[in-house]
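[1] pasted the sequence and its predicted model underneath.
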Amino acid sequence: MRLDPNPSFRRIIAPWYDSDAVCYVMIGLMLVVFFFGLAGISAALSDPSFSGHTWVPLLLSALSLWVLVATSLRLVRRRRRPS
């Protein structure tokens with residue numbers, strides 16, 4: 001059976017993990033992880049014996065910030081797109 005070149009349903013179905021609600025939850029969780037990483041950086045820098053392990057919370061904060069910005073940009077682009 002061939003695919004219909006002119007289907008009657010043209011609305012794009014977004015997957016559940018790309019919905020607005022999931023994006024807002026992800027932004028909230030990434031904010032929590034980001035601040036947890038900042039607290040880890042503060043704790044690692046306050047004790048000289050932990051200063052060599054500062055890269056772990058720094059990496060955690062950077063990666064959570066990256067996901068936060070990417071998800072926020074996805075939501076902004078979705079809002080600006082004409083329907």
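    Okay, I see it.
[2] now A43. Nearest residue, chain neighbours left out?
    In space, and not counting its chain neighbours, A43 is closest to F50: 7.0 Å by Cβ to Cβ, 6 or more residues apart in numbering. Placement of C-beta: from N, CA and C, glycine included.
[3] centroid residue for the protein?
    V67 (3.2 Å; Cα atoms, centre = their mean).
[4] for it, pull up the helix or strand it's in.
    Element membership of V67 [criterion: DSSP states H and E] is helix 55-80.
[5] please name the residues that touch the closest residue to V67 other than its chain neighbours.
    Distances taken as Cβ to Cβ, 6+ apart put M30 closest to V67, at 5.1 Å, once the chain neighbours are dropped. M30 makes contact with 64-65, 67-68, 71, according to Cβ atoms under 8 Å, 6 or more residues apart in numbering.
[6] can you say which of those residues are buried?
    Using 16 or more other Cβ atoms under 10 Å as the burial test, those include 64, 68, 71 as buried.
[7] and the second one, how far is that from V33?
    Summarising the geometry, the distance separating L68 from V33, computed by Cβ to Cβ, to the nearest Å, is 9 Å.
[8] export the buried ones among the contacts of M30 to TSV and tack on distance to A14 and pLDDT?
    Below are the buried ones among the contacts of M30 laid out as TSV (distance: Cβ to Cβ, whole Å; pLDDT from 0 to 100):
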residue	distance to A14	pLDDT
S64	24	98
L68	20	97
T71	14	95
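[9] between those, which is nearest M26?
    Closest approach to M26 among the buried ones among the contacts of M30 (Cβ to Cβ): T71, at 5.3 Å.
[10] ok, the closest one - contacts?
    T71 neighbours (Cβ under 8 Å, 6+ apart): 23, 26-27, 30.
[11] L75: what's its closest spatial neighbour, skipping adjacent residues?
    Leaving out its chain neighbours, the residue that sits closest to L75 by Cβ to Cβ, 6+ apart is C23, at 5.4 Å.
[12] swap in G37?
    Using Cβ to Cβ, 6+ apart, the closest residue to G37 is S61 (3.2 Å).
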